[in-house]
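Novice: only geometry, no sequence info:
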């Protein structure tokens, strides 16, 4: 299904992967489990021969979600609920939902009530990650998830099953990192839209198949110029959706050279130590190596430090922050982030996005005007 | 050489023609087919060179490979030329509000725009004027009322409901008009204060034609406002000037 994609098909599937997931499910007879952001150990789900799919919202109209979540709840949370309730309600055999913020904690109960005949498991991830007990907790939660999936499927997994799954996921992250590196140096070779479509798709489809496409895409690339006309920028936030925002980036020749997006580089940081004898321990260790994620880190300055380092390392010209409307964690962090960027003298631009009601013409004007003035100031 | 700036706005398409140091202005309603209106205006004005701006600028960019700039840059260039002391521009158009701060050299130093909703913009004024039986031209001339009425909703739908409720309470339409203008100013002020507003301040966009808004905004900011005789033309004018700059 996804082993022979070119860039065009990858963009098409990334915009709406669900039809292809449904076809894959019918073809293979395998189960599909959805998860919301972030940090569900998908390697565990995959080891059970189940397809883990990260739910990344829908831009289709809200019908049922508004009666379950108020207008001022996280726009992504509402959109994900709608996706599962209305548009893809026959696709998912189960859900594994991480509890990472107030909204997602309450969401787990809402999902349980609304999907009474579906497997719904939660995984509670600690917020105070600096505590020693957090490590114990994450490992216990991972083992509990394995036990829960085992009970649901009536199967158990061997260490080799988990090892194979980890290897596929690691390879996926390495291949995407390679493509990112090529794009960073040669932005004419891979556009922002193409790269971030692949990153998104990799969180939603079978990575074993997609890895074949990634290898073919990588091998078929011909590097052109060094991207001298492109403006290097660092992107931050949780997600950058819809993918059409990257068209706007491409339109004004921005080159995303680095990011701290949860659906971007933070996902690629999730490589697990395959050589470790206890892979559950390795999965736990991976959890704490990943970068900043607003809901599970109480120190926004970790993100500031990461952004400063990336800005410097890649000689970026600005940091673009993508805000999800009514994401309470981001709402708390953004004032400090703005002040810190200003203090550091880093040009900073904030794009506000909202599922269902985003006006791209507004985003376009803001983005164009920001970089127009940046170029004029000679930075 | 005749140089044009065309501002494809949400309510009006404005053209500024700069020739031999003088500027002429034209405008037409945007309607449902802005590209046709643009084409006609271009054919009538026959510029040798032009630049497009405004929310619909990309229609022209795609169709005729005409270069584009944002309305932020355009209004900055236009306002600064019309008023060389200008450092802040408050531009309220048909569907958005922009506050632009210029550096000492006249380049854009910072800007803010309203959220995606058109609350508190020209479109809102139009709907409210219609609800109270005024033309948009007369609306700002009929706010002379002693009675203080607070309109809390800036959503056109909710505000209209509030107005209907006030009508049933016997509140005069002049008082409601004053309350509506006041609510728009209340919406703009946080945007202005967030970004800062160094002197001198130019009030631009179609809403700057509204005398009541001019006075209220000036009063609430505690500063005088500079208003061009064609405040809605400053972006088109700025685009024409940028097109001329590019030649040199």
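Specialist: Thanks, I have the structure now. These figures come from a predicted structure and were not determined experimentally.
Novice: can you give me the strands for chain B?
Specialist: Secondary structure of chain B by DSSP state E: the strands cover B:3-8, B:12-19, B:22-29, B:49-53, B:88-92, B:97-102, B:108-113, B:201-204, B:225-226.
Novice: elements contacting the fifth one?
Specialist: Spelled out, that is strand B:88-92. Applying 3 or more Cβ pairs under 8 Å, 6 or more residues apart in numbering or on different chains; DSSP states H and E, we find strand B:88-92 packed against helix B:71-82, strand B:97-102, helix B:173-195, strand B:201-204, helix B:234-247. Any C-beta I mention is one placed from the backbone N, CA and C, and that applies to glycine too.
Novice: pLDDT below threshold where in chain A?
Specialist: Chain A contains residues with pLDDT under 70 at A:223-227, A:297-298, A:379.
Novice: do stretch A:216-234 and chain B meet?
Specialist: No: Stretch A:216-234 does not reach chain B (Cβ under 8 Å from any Cβ of the partner chain); its nearest approach is 15.5 Å.
Novice: secondary structure element for residue A:367?
Specialist: helix A:360-376 (DSSP states H and E).
Novice: and what of residue A:156?
Specialist: Remark: residue A:156 resides in no helix or strand, with elements defined by DSSP H and E.
Novice: Need the contact partners of stretch B:19-39.
Specialist: Stretch B:19-39 is contacted by residues B:1-3, B:6, B:8-17, B:40-41, B:44-45, B:52, B:56, B:59-60, B:63, B:230, B:232-233, B:236-237, B:240 when judged by Cβ atoms under 8 Å, 6 or more residues apart in numbering or on different chains.
Novice: quick one: the strands in the stretch 51-200 of chain A?
Specialist: A:51-54, A:94-99, A:119-124 (DSSP state E, counting those that start in this stretch).
Novice: Packing partners of the first one?
Specialist: Taking 3+ Cβ pairs under 8 Å, 6+ apart as contact, the helices and strands that strand A:51-54 lies on are helix A:18-28, strand A:32-35, helix A:42-47.
Novice: As JSON lines, the helices and strands packed on strand B:88-92 with distance to chain A, mean pLDDT and mean neighbour count would be great.
Specialist: As requested, these are exported to JSON lines (distance: least, Cβ to the nearest Cβ, whole Å; pLDDT from 0 to 100; neighbours: other Cβ atoms under 10 Å in any protein chain shown):
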{"stretch": "helix B:71-82", "distance to chain A": "4", "mean pLDDT": "96", "mean neighbour count": "28"}
{"stretch": "strand B:97-102", "distance to chain A": "9", "mean pLDDT": "94", "mean neighbour count": "24"}
{"stretch": "helix B:173-195", "distance to chain A": "11", "mean pLDDT": "88", "mean neighbour count": "19"}
{"stretch": "strand B:201-204", "distance to chain A": "15", "mean pLDDT": "97", "mean neighbour count": "28"}
{"stretch": "helix B:234-247", "distance to chain A": "10", "mean pLDDT": "95", "mean neighbour count": "25"}
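Novice: so can I have TSV of the ones you listed showing distance to residue A:136?
Specialist: Putting those into TSV (distance: least, Cβ to Cβ, whole Å) gives the following:
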stretch	distance to residue A:136
helix B:71-82	53
strand B:97-102	52
helix B:173-195	45
strand B:201-204	60
helix B:234-247	61
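Novice: nearest to residue A:106, of these?
Specialist: Closest to residue A:106 of the helices and strands packed on strand B:88-92, according to Cβ to Cβ: helix B:173-195, at 30.7 Å.
Novice: That closest one - contacts with which helices or strands?
Specialist: Counting by 3+ Cβ pairs under 8 Å, 6+ apart, helix B:173-195 packs on strand B:88-92, strand B:97-102, strand B:108-113, helix B:122-131, helix B:156-168, helix B:211-221.
Novice: of those, which approaches residue A:350 most closely?
Specialist: Using Cβ to Cβ, those put strand B:108-113 closest to residue A:350, at 10.4 Å.
Novice: what residues does the closest one touch?
Specialist: Counting by Cβ under 8 Å, 6+ apart, A:362, A:365-366, A:369-370, A:372-373, A:376, B:72-73, B:76, B:96-103, B:191, B:194-196 sit against strand B:108-113.
Novice: So what are the sheet partners of that strand and their directions?
Specialist: Next to strand B:108-113 in the sheet, as set by DSSP bridges, lie strand B:97-102 (antiparallel).
Novice: Residues in contact with the strand it pairs with: which ones?
Specialist: B:71-72, B:75-76, B:79-80, B:86-91, B:108-114, B:120-121, B:187-188, B:191-192, B:195-198, B:205.
Novice: re the thing from before, figure out which of the helices and strands packed on strand A:51-54 is closest to residue A:274.
Specialist: helix A:42-47 (10.4 Å).
Novice: residues in contact with the closest one?
Specialist: A:33, A:35, A:51-52, A:54, A:96, A:142, A:145-146, A:149, A:157, A:161-162, A:164-166, A:168-169, A:207, A:272, A:283.
Novice: so what pLDDT did the residue nearest to the spatial centre of chain B get?
Specialist: The centre of chain B sits closest to residue B:205, judged by Cα atoms, centre = their mean, with a distance of 2.0 Å. Here the pLDDT value assigned to residue B:205 is 95.
Novice: what are the phi and psi values for it?
Specialist: Dihedral angles of residue B:205 (phi, psi; degrees, to the nearest 10) stand at phi 90, psi 160.
Novice: Would you check that it makes contact with residue B:89?
Specialist: No: the criterion here is Cβ atoms under 8 Å, and residue B:205 misses it with residue B:89 at 9.0 Å.
Novice: what's the overlap in contacts for these two?
Specialist: Between them, residue B:205 and residue B:89 share these contacting residues under Cβ under 8 Å, 6+ apart: B:75, B:234.
Novice: got the residues of the stretch 101-250 of chain A near chain B?
Specialist: Counting by Cβ under 8 Å from any Cβ, no residue of the stretch 101-250 of chain A sits close to chain B.
Novice: of all of the stretch 101-250 of chain A, which residue lies closest to chain B?
Specialist: residue A:248 (10.6 Å; Cβ to the nearest Cβ).
Novice: Quick check: that residue is in a helix.
Specialist: Yes: counting by DSSP: H, G, I helix; E, B strand; the rest coil, residue A:248 is part of a helix.
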